[in-house]
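Colleague: the amino acid sequence is not available; the structure is as follows:
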């Protein structure tokens, strides 16, 4: 009797068998940071950050030039030891009228340190993999991009006069994390044999009421929310002095991924197997 249909096709343990698009995403983030760390001179790296990172003040002034005086006043406030440097940088931003719309996506390619990029890569591997397996490469990319843009937009809305460059893939990773939370925390369907060699059946998406009744999912969402609130009051060593990783960008990406995933999910709410 041939029992081979019960065995998964993967020849490796799933945690070490990431989808190709997730592996490529992590490789790209690592390569960009390695390029900045080991190859680019400091001047070129600064120019790269200025052209790819998201500067809220740049967008605010581009949309509403009357905010120029408010930007200069905000730059002069705070620590007097760095006020001069902030004012010089504010005047540089004012001299560059372009909004640079691509920065709403490209800031995700930059990171403040190796710890920062490794931290994001670990979470990307953990939560991007189930989304990519379920939806495919391009839907995975669309969801990550939407979360990145939404996170950047919320950061600009909350801190419109900030001169700190926003960097990091955290908003896109948060979108994938929220998408995965819609289906990965469900228990196996009744009667499903739990042999370790068998692949679990495809799980439907949980609605919001169903998710709120899922204790594991609620615990995960609560821990995630509490952690991000902590980001708002505690400075973590994930970036350089001229870079910011914002909790509000995480929140914007998470909300975007949570709400958009049902429209991206190609499987929809298919009924679970017997």
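Modeller: Here it is on my side, so go on. Keep in mind that this is a model prediction, so the values were computed, not measured.
Colleague: wait, what's in contact with the nearest residue to residue 171 once chain neighbours are set aside?
Modeller: In this structure, residue 171 finds its nearest non-sequential neighbour in residue 151, 2.6 Å apart by Cβ to Cβ, 6 or more residues apart in numbering. All C-beta atoms are positioned from the backbone trio N, CA, C, and that covers glycine. Residues in contact with residue 151 (Cβ atoms under 8 Å, 6 or more residues apart in numbering) are 170-172, 174-175, 246, 248-253, 256.
Colleague: SS state for residue 168?
Modeller: Following DSSP: H, G, I helix; E, B strand; the rest coil, the label given to residue 168 is coil.
Colleague: contacting residues around the helix or strand bottoming out on mean pLDDT in the chain?
Modeller: Within the chain, no helix or strand scores below helix 215-233, which has a mean of 79 by mean pLDDT, DSSP states H and E. Outside helix 215-233, the residues that touch it by Cβ under 8 Å, 6+ apart are 177, 181, 185, 206, 211-212, 245-248, 250-251, 254.
Colleague: could I get the residues you listed as TSV with pLDDT?
Modeller: As requested, the contacts of helix 215-233 are exported to TSV (pLDDT from 0 to 100):
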residue	pLDDT
177	94
181	91
185	85
206	82
211	84
212	83
245	50
246	76
247	84
248	90
250	92
251	92
254	95
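Colleague: list the buried residues for the biggest helix by length in the chain?
Modeller: Ranked by number of residues, the top helix in the chain under DSSP state H is helix 137-158. In terms of neighbour count (16 or more other Cβ atoms under 10 Å), helix 137-158 has its buried residues at 139-140, 143-156.
Colleague: now residue 249: closest residue in space, sequence neighbours ignored.
Modeller: Excluding the flanking residues, the one nearest residue 249 by Cβ to Cβ, 6+ apart is residue 151, at 3.6 Å.
Colleague: from residue 24, how far out is the one you found?
Modeller: The spacing between residue 151 and residue 24, counted by Cβ to Cβ, to the nearest Å, is 21 Å.
Colleague: ok, residue 264 next?
Modeller: Residue 264 sits 19 Å away from residue 24, going by Cβ to Cβ.
Colleague: which of those two has more neighbours?
Modeller: residue 264 (18 against 12; other Cβ atoms under 10 Å).
Colleague: my read: that one touches residue 143, true?
Modeller: Yes: assessed by Cβ atoms under 8 Å, residue 264 is found in contact with residue 143 at 5.3 Å.
Colleague: any common contacting residues for these two?
Modeller: By Cβ under 8 Å, 6+ apart, the residues touching both residue 264 and residue 143 are 135, 179.
Colleague: if I look at residue 94, how far off is residue 75?
Modeller: Residue 94 is 10 Å from residue 75, by Cβ to Cβ.
Colleague: oh sorry, the question was meant for residue 90
Modeller: Taking Cβ to Cβ, one finds residue 90 at 4 Å from residue 75.
Colleague: thinking again about what came up before, which among the contacts of helix 215-233 count as buried?
Modeller: 177, 181, 185, 206, 211, 245-248, 250-251, 254.
Colleague: pull the number of nearby residues for residue 215.
Modeller: For residue 215, the neighbour count with other Cβ under 10 Å is 9.
Colleague: what do you get for residue 46?
Modeller: 12.
Colleague: quick one: what helix or strand has it in it?
Modeller: Counting by DSSP states H and E, the element that carries residue 46 is helix 42-52.
Colleague: buried ones in that helix?
Modeller: Quick answer for helix 42-52 (16+ other Cβ under 10 Å): 48-50, 52.
Colleague: with stretch 89-96 instead?
Modeller: Buried residues in stretch 89-96, counting neighbours by 16+ other Cβ under 10 Å, are found at 89-90, 93-94.
Colleague: name the surrounding residues that touch that stretch.
Modeller: For stretch 89-96, using Cβ under 8 Å, 6+ apart, the contacting residues are 55, 57-58, 61, 68, 71-72, 74-75, 163.
Colleague: again, 10 Å this time
Modeller: 50-51, 55-58, 60-62, 65, 67-69, 71-76, 82, 161, 163-164, 242 (Cβ atoms under 10 Å, 6 or more residues apart in numbering).
Colleague: sounds good, over and out.
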